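S.K.: Sequence and predicted structure below; questions after.
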Amino acid sequence: MSSSNQLDKKSQAWSALFSEPMSELVQRYTASVGFDRRLWKADIAGSLAHAEMLAAQGVIGAGDLADIRRGMAQITAEIESGRFEWKLALEDVHLNIEARLTQLVGDAGKRLHTGRSRNDQVATDVRLWLRDEIDGLSTLLIELQRALVGLADANAEVILPGFTHLQVAQPVSFGHHLLAYVEMFARDAERFADVRRRTNRLPLGSAALAGTSYPLDRERVARTLGMVDDAGRPSVCQNSLDAVSDRDFAIEFSAAASLTMIHVSRFSEELVLWMSQNFGFIDLADRFCTGSSIMPQKKNPDVPELARGKTGRVVGHLMGLLTLMKGQPLAYNKDNQEDKEPLFDTADTLRDTLRIFCELVGGITVKPEAMERAARRGYATATDLADYLVKKGLPFRDAHEAVAHAVKVAITQGVDLAELPLATLQGFHPAIAEDVFEVLTLRGSLDARQALGGTAPAQVRAQVARHRARLG
Ligand code: ARG
């Protein structure tokens, strides 16, 4: 039997120890090649770095290395062109590639696995793959922040009713409101940068669990794979048992992704509310909406609704990964094969969501009159009237009480505070004078909030400038 056929027959892949083949069902149950094949690039990169190091250390010959490089180049071409034949019987991406390599280059292929196990191999592959995903997501987060900053800049002066408990609270700049999301996405980006540092460490060289007796140069492999710390020093997992078993980096990524999705979901919820007829604050470009098959008047905000829904899926994956890890004794257990599908789906879902939202922000039409009307309707300047009385010498609690009476009267008469005659207002407190009307305007309320982090348009513009400098 040829060497490649040996690996083809799963029951004989391990050793002569196995005396019966796997059933179809067990084969399907244990195989991961259906989904882990997307790790192929990382798998080949890891193998090449390992082979180069083995040759440099004299563990394999220069001829072996040349053969392995040649074989991997061909495998790369085969996979890229869709000609590579993935075999379920070969269980996973690692065995599929190794078997093909041996088929192509013979003994050199069989030497590649010296000082290595699939346990440190898969841990390395997932980390390399995830590092690239994090880089892509980080770029998208910058793009999304830029889009939001642009919209905030254009709407620094637009007045929106700010809500607490979804009741009109105080007027805010719409730009200020949008910049709140920029802060959230900026923190998300920080989290991903932090996760990247711990993800970008090399397990390879830990072998199955105990390390290896071959004179491996792990730091060299780390450098080849770009697994270096902020100072450019090679980043190598320092305990072989830990290196092959823990997936905390994947869990951290999943947590960071969940938080990002939750931020997108909160924004989505607002878009849905704002677009409803009851608010009418914005319109979304048609390309992000769908109609109804029965109600001809409908235009539904499907994209934000789906993003809100997909958040549940990403948070679910986080729970899945946490639970996957919790009962595992050291070191590697096959449970860990189950980390991939949630991880892949998390990255895919988040990437698509962020890409769509980068565009969607540009498709928001703002309706400033509707926003302002809603702010006026909700007595949003009541706090300003209280503050006005405090400046006239009243203790805040008394001012609060006086204004509550004023709001009650205004509600009864169906008018805004600013529409009450001066004489009526003075009935609530004699300190109220003609200058009160300036305070009761929405714009006056906004302009008063000049403290750092406040909603005054001048502050919003300063924040826009800060973000632009930060985002480049
Ligand atoms: N496909 C496996 C995984 O994803 C690779 C490692 C398997 N190692 C083993 N000894 N069975 O975790």
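M.R.: Arrived safely. Numbers count the residues shown, from 1 in each chain.
S.K.: Show me what residue of the stretch 201-350 of the chain gets nearest to the ligand.
M.R.: Closest to the ligand within the stretch 201-350 of the chain is Gln337: 3.6 Å, counting by C-beta to the nearest ligand atom. C-beta coordinates here come from the backbone N, C-alpha and C atoms, glycine included.
S.K.: I figured that residue hits Ser32, correct?
M.R.: Yes: counting by C-beta atoms under 8 Å, Gln337 touches Ser32, with 5.1 Å between them.
S.K.: shared neighbours of the two, anything?
M.R.: Common neighbours of Gln337 and Ser32 (criterion: C-beta atoms under 8 Å, 6 or more residues apart in numbering): Asp92.
S.K.: and the residue lying closest to Ile356 once chain neighbours are set aside, what is it in contact with?
M.R.: Leaving aside its sequence neighbours, Ile356 sits nearest to Val303 (C-beta to C-beta, 6 or more residues apart in numbering; 6.0 Å). Going by C-beta under 8 Å, 6+ apart, Val303 touches Leu284, Phe288, Cys289, Ile356, Leu360.
S.K.: So which bits of the host helix or strand of Val303 are buried?
M.R.: Element membership for Val303, per DSSP states H and E: helix 302-326. Using 16 or more other C-beta atoms under 10 Å as the test for burial, helix 302-326 gives 303-305, 307-308, 310-311, 314-315, 317-318, 320-321, 324-325.
S.K.: hmm, back to that, of the contacts of Val303, closest to Arg116?
M.R.: Ile356 (40.4 Å; C-beta to C-beta).
S.K.: Now do the phi/psi pair for the closest one.
M.R.: Torsion angles at Ile356 (phi, psi; degrees, to the nearest 10) stand at phi -70, psi -40.
S.K.: can you tell me the helix or strand for the nearest residue to Gly109 once chain neighbours are set aside?
M.R.: Spatially, and ignoring its direct neighbours in sequence, Gly109 is nearest to Thr102 (3.4 Å; C-beta to C-beta, 6+ apart). Taking DSSP H and E as the definition, one finds Thr102 inside helix 93-105.
S.K.: How about Gly162?
M.R.: Using DSSP H and E, Gly162 sits within strand 159-164.
S.K.: Pull out the buried positions in that strand.
M.R.: Ile159, Leu160, Pro161, Gly162, Phe163.
S.K.: quick one: which of those residues is nearest to the ligand?
M.R.: Phe163 (47.0 Å).
S.K.: ok, now which ones touch the closest residue to the ligand within the stretch 351-472 of the chain?
M.R.: Closest to the ligand within the stretch 351-472 of the chain is Arg351: 21.9 Å, counting by C-beta to the nearest ligand atom. Contact analysis of Arg351 by C-beta under 8 Å, 6+ apart lists Glu133, Gly136, Leu137, Leu140.
S.K.: How about Ala380: what's its closest non-neighbour residue?
M.R.: Pro171 (4.6 Å).
S.K.: Same check on Asp43?
M.R.: Take Asp43 and drop its neighbours on the chain: the residue closest to it by C-beta to C-beta, 6+ apart is Asp125, 5.0 Å away.
S.K.: Up against the ligand, what does the protein have?
M.R.: Ser32, Asp36, Asp92, Arg118, Asn119, Val122, Lys334, Asn336, Gln337 (C-beta under 6 Å from any ligand atom).
S.K.: follow-up on the earlier one: double-check that the residue of the stretch 201-350 of the chain closest to the ligand belongs to a helix.
M.R.: Yes: counting by DSSP: H, G, I helix; E, B strand; the rest coil, Gln337 is part of a helix.
S.K.: What score does it have for pLDDT?
M.R.: On pLDDT, Gln337 comes in at 98.
S.K.: What helix or strand is the residue most central in space within the chain located in?
M.R.: Among the residues of the chain, the one closest to the centroid is Ala257, at 3.4 Å (C-alpha atoms, centre = their mean). Using DSSP H and E, Ala257 maps to helix 248-275.
S.K.: and the next element down the chain from that helix?
M.R.: Taking DSSP H and E, what comes next after helix 248-275 is strand 282-284.
S.K.: Now do the buried residues in stretch 408-420.
M.R.: Ala410, Asp416, Leu417, Ala418, Leu420.
S.K.: Hmm, the third one is touching Thr381, no?
M.R.: Yes: applying C-beta under 8 Å as the test, Leu417 and Thr381 come out as touching, 6.1 Å apart.
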